[in-house]
Each structure stands twice: as C-alpha cells, then as structure tokens.
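Undergrad: Prediction below, plus the sequence it came from.
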Amino acid sequence: MFTLGAQGLKILLQLLSVVTLSRLLTPHDYGLIAIVLVIIGIGEIFRDFGLTSASVQAPELSDGQRDNLFWINTGIGVVLGTVMFFLAWPVQEFMGDPELIAIIRVLSVTFLLNGLTTQYRAQLMRALRFRSIAGIDIAAATVALGSAIMAALLGAGYWALVLQQIANSTVLLAGAVIAGRWAPRWYSRRHEIRSFIRFGWNLVAANLLSYGGKQVDTLIVAGRFGTTSLGLYNRSYQLIMSTFSQIRSPLSDVAIPVMSRVQRDEDRFNSYVISGQIALGYGLGIPIALVAGLADPVVRIMLGPQWMQAVPYMRLFCGATLMSTLAFVGYWVYVSRGLGSQLFRYSLVEVGIRVACVTAGSFFGMLGVAVGVFVEPLLSWSLSIYWLSRITPIPVKALWLGGFRIVGLTATVTCVSWLTSLAIQAGVWLTLLAGIGAGLAGALIFLVLPVYRRDARELVGFIRLMIRRERTS
C-alpha cells in the first residue's frame, strides 16, 4: 500500500510532466527521444541481465555473492555504454536526423549509472524496504521533472528530455547507495554465482523478446511515417501504457519477493494470484476505462488542442493496457517460481503474435498499427493462462471468470463515461467531471450482483493483508 501511494505521487509528477513539457516541446522533440529510448531499453535488459530478479528470488544470498553481482552489473553497464556511444553514427545514418548523434552519446552514460544502482536496489527489494524504494523513486522523478521543465523554459528543446533522463538515473543511484549502506568488496571466485547467471540469462532472453516485440510498433512508425508522426504516436502511448505500467512495475517489487517466500504453500500462493488479478484488474481497469471513455477531454487538458489526433490511439492503448494488465499476474508466477526457461519459450510465442498483429495493421496506416497493439493482448491473455496451467498449478477457472468480470465492468464504465461526454455540451472540465461521475456510478451498480460484492470483499481483504504485512515488516 505504501508502494502504491508513492507510485500515485510519481504518476502525478508524470502527468505534470506531460501537461507542461507537451506545451513547451514539439512532437519532433519527443520523436527523437523515443528513438533513443528504444535503444536504451534494449541495452537495459542486458545491463540488468536478470540479476535483480535472480538475487531477489534466491532463497539465500551471501555478501560475497551480492558483491560479485554488483561488479557484473557494473561491468555490463560500462560495456553497453561504450557500445551505445559508437552506435550513434549508424543510428543517425539510418534515421537521417543529425541531432541523434549527440543525444545518443550523452545518454550512453545512463548505462553506467544504472549498472551501479542495480544491486543496491535489488537488496532493498529483497529486504522488503519498500518505504526506502518509494522515497528514492519520488525524489528522482521530482528532480528529473524540475530539471526538464527549467531547461525547456530556457529553450533547450529536446535537450530538456535528455537532462530528465540523466537526472533521474543520478538521483536513483545516490538514493540507493545512501539507503543501502554497504560498500561492495572486490570480485571473488570463491563465491559461486552460476545459478544466478543461469536464471538471469533465461530472464534476459524472455525480457529481450518481450521488449523487442513491444517496440515493433515504434520502429514501424518511425521507419514508415517519420519522427513527427512518431512523436504523436509515442506521446499518446506514453500517456496511457507507460503511465499505468508505472503502477504495475512497483507492484512487482512487492509481489515477487512475497510470492517467492510462499511458493511452497500452494493454497496461499494461489490466493495471492487470484487476489493479485482482482487488485490489478479493478484497481487499474476502472481508471483505464474512464480515460478510454473520456479520451477527448483528457487530451485537451493534458496535451492541448494541437494533439487531438492522439484521441483514437489513446482509446486503443487503453484497451491494450487493460488486457496486458490481466495477463501481468502470470509474469509474477514465472519469476517467483523460478520458471525462467518456460517464460522464455512463452515469450517467443507472445512476441510472434505481436509482430504479426502490428505488421498487418501497419498496412492501414498509424491507426492500423494501434489496432494491432490492441488485438495482441486480447489473444495473449488467453494463451498466458493456458500456458501456465500446463507447467505449474494455478487456479485457472478463477482467473478466467475473474478476468471476464473485470472486462464486463470496465467496458460498461467506458461506454457510460463516453456517452455522458457526448451528452454534456459544456466546458472541457465539466465534461470530464460529469463523465467520471457517471462512469463510477456505472461501476457501483455492479455491486447489486453477489459475485461483484465478493470481488469487492476480496479486494478489501487484499488491501488489509498488505497493510498488516507493512506493519509487521
């Protein structure tokens, strides 16, 4: 609960960033940074090498093993930073934008900063020090946003976004070192880490496949429609999918270490899986549904009238985010049970589905690409439950029925809020508030059904359980 509260503050900061920087910068600026962040995202998967999850999931971890993992992550960060520095020229040649050279070379330093941070943060997660993690994240987001706004006001253009990335990584490192309170000793062969590398490699392969699949749409839009179109597409994508993923990711920091501890208690483990889907599905699904129904006033308020072309993309991304959220609990199961190789094989199929959907959609323009992004998780959610049921005991029926209930409620919320926005011919803020009120009222009506009242009790019980865990820790 503390993690969720802190993440709420981070989301407010991100929304403030969207509102402010979207009015100070251009779609071209965002398009340039989006290209570079794709490269950084691929490198970050290798830089982490799955060793964060490996060290968190391990039943036992000695100080020597922790120190060795620190130096491995740092060394990988140095290598990747060097590689990215020299990749600047070929990337610029491919995209045809000279500004990319300096951007890529400056942002290459983030690999070193993040490599130094990795094991400090992993040890905080392992110790369930969620207060410290949340405080560090909020401080980093605040400093980064303040730096970017100041630079944008001074006319720095896309360099404001570059500064935002550098400032965020720097503060994350400083905060993790201060909170961690340990100094790594030199690498020693006496402390065996092969099992961590083996687990990490499988996770790297799975995450790389997943990330590559998720960036197919960005690469297609950049290659076929240019950086300005990419900026429009990427801004709507970031506003929806990245914002809500910022809630899911910190929840993984809580769920994975907790589920790893109870993995031998099947009943308790399954209870966490069911409750996790309900918490994610309703907790994120209702806000997502409201944004989908009220995309028009949301874009006018958050981005400004010059971004109104983003409305249909946002609605499709809302649907994609909801369905991927329902499937996200499966990722917790894979990692907490140490099923790295099985996750890799599943990711191969999932990425194949996404590539096929997005590629087919691209023949119908940018909107077709967004439709492909929406269709993929519709198919992958069903596959995820079936795949997991074949390799580990999970409550299949409860997950299926719970997912359908969540989809039914959120679809109703979207329709009610959208129809309300069409009926209200008034100012943008009044339209937004009326749509939110009507959508929430539509959600409350479902409580007349016993099955939804049971879900509500399950959700309240999950919240109380998290509060008790926080107090006892």
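TA: Arrived safely. Residues are numbered from 1 along each chain as shown.
Undergrad: List the contacts of Tyr452.
TA: If you count contacts by Cβ atoms under 8 Å, 6 or more residues apart in numbering, Tyr452 has them with 405, 409, 446. In this view, the C-beta of every residue, glycine as well, is placed from N, C-alpha and C.
Undergrad: Count residues in the vicinity of Gly435, would you?
TA: 26 (other Cβ atoms under 10 Å).
Undergrad: how close does it sit to Ala441?
TA: 11 Å (Cβ to Cβ, to the nearest Å).
Undergrad: Find the centremost residue of this protein, please.
TA: Ser245 (3.1 Å; Cα atoms, centre = their mean).
Undergrad: which ones are touching that one?
TA: Per Cβ under 8 Å, 6+ apart, neighbours of Ser245: Thr321.
Undergrad: And what about the spatially most distant residue from the centre of the chain, helix, strand or coil?
TA: Using Cα atoms, centre = their mean, the residue of the chain lying farthest from its centre is Arg190. It sits 36.8 Å away. Secondary structure for Arg190, judged by DSSP: H, G, I helix; E, B strand; the rest coil, is coil.
Undergrad: Wait, it touches Gly64, no?
TA: Yes - applying Cβ atoms under 8 Å, one finds Arg190 in contact with Gly64, separated by 6.5 Å.
Undergrad: Have a look at this structure and report its longest helix.
TA: The helix spanning the most residues in the chain, taking DSSP state H as the definition, is helix 63-95.
Undergrad: Give the other helices and strands that it contacts.
TA: helix 27-48, helix 51-57, helix 99-107, helix 109-126, helix 194-214 (3 or more Cβ pairs under 8 Å, 6 or more residues apart in numbering; DSSP states H and E).
Undergrad: If we use 6 Å, what do you get?
TA: helix 27-48, helix 51-57, helix 99-107, helix 109-126 (3 or more Cβ pairs under 6 Å, 6 or more residues apart in numbering; DSSP states H and E).
Undergrad: Quick check: which of these is buried the most?
TA: helix 51-57 (a mean of 25; mean count of other Cβ atoms under 10 Å).
Undergrad: follow-up on the earlier one: what angle separates the longest helix of the chain from helix 99-107?
TA: Here helix 63-95 points in a direction 170 degrees away from that of helix 99-107 (axes from the mean of the first three to the mean of the last three Cα atoms, to 10 degrees).
Undergrad: same question for helix 63-95, mean pLDDT?
TA: Taken as a whole, helix 63-95 has an average pLDDT of 83.
Undergrad: Quick check: buried residues in it?
TA: 64-74, 76-77, 79-81, 84-85, 87-88, 91-92, 95 (16 or more other Cβ atoms under 10 Å).
Undergrad: Could you give the number of residues near Gln215?
TA: By other Cβ under 10 Å, neighbour count at Gln215 equals 19.
Undergrad: residues contacting it?
TA: Val38 (Cβ atoms under 6 Å, 6 or more residues apart in numbering).
Undergrad: Kindly recompute the last result at 7 Å.
TA: By Cβ atoms under 7 Å, 6 or more residues apart in numbering, Gln215 lies in contact with 38, 41.
Undergrad: again, but for Leu378
TA: Leu378 neighbours (Cβ under 7 Å, 6+ apart): Met323.
Undergrad: Could you grab the helix/strand/coil label for it?
TA: helix.
Undergrad: how near is it to Ala356?
TA: 13 Å.
Undergrad: His191 now?
TA: 44 Å.
Undergrad: Ser17 now?
TA: The value you get for Ser17 to Ala356, if Cβ to Cβ is used, is 34 Å.
Undergrad: So for these two, which sits in the more crowded spot?
TA: Ser17 (18 against 15).
Undergrad: Surely that one touches Leu145?
TA: Yes - if you go by Cβ atoms under 7 Å, Ser17 and Leu145 touch, sitting 5.1 Å apart.
Undergrad: pLDDT weak spots in the stretch 51-200 of the chain?
TA: For the stretch 51-200 of the chain, the stretches with pLDDT under 70 are 51-54, 56-60, 95, 195-200.
Undergrad: And the stretch 351-473 of the chain, by the same measure?
TA: 462-473.
Undergrad: ok, 80 please
TA: Where the stretch 351-473 of the chain drops to pLDDT under 80, the residues are 393, 425-426, 458-473.
Undergrad: Would you map the helices across it?
TA: 366-391, 396-423, 428-445, 450-472 (DSSP state H, counting those that start in this stretch).
Undergrad: Distance of Cys357 relative to Val375?
TA: 5 Å.
Undergrad: Looking at those two, which is more packed in?
TA: Higher neighbour count among Cys357 and Val375: Cys357, with 25 against 21, using other Cβ under 10 Å.
Undergrad: and the residue nearest to the more buried one when sequence neighbours are not counted, what does it touch?
TA: Excluding the flanking residues, the one nearest Cys357 by Cβ to Cβ, 6 or more residues apart in numbering is Gly372, at 3.8 Å. Gly372 sits next to 357-358, 360-361 when contact means Cβ under 7 Å, 6+ apart.
Undergrad: Go through those residues and flag which are in strands.
TA: Judged by DSSP state E, the contacts of Gly372 include no members of strands.
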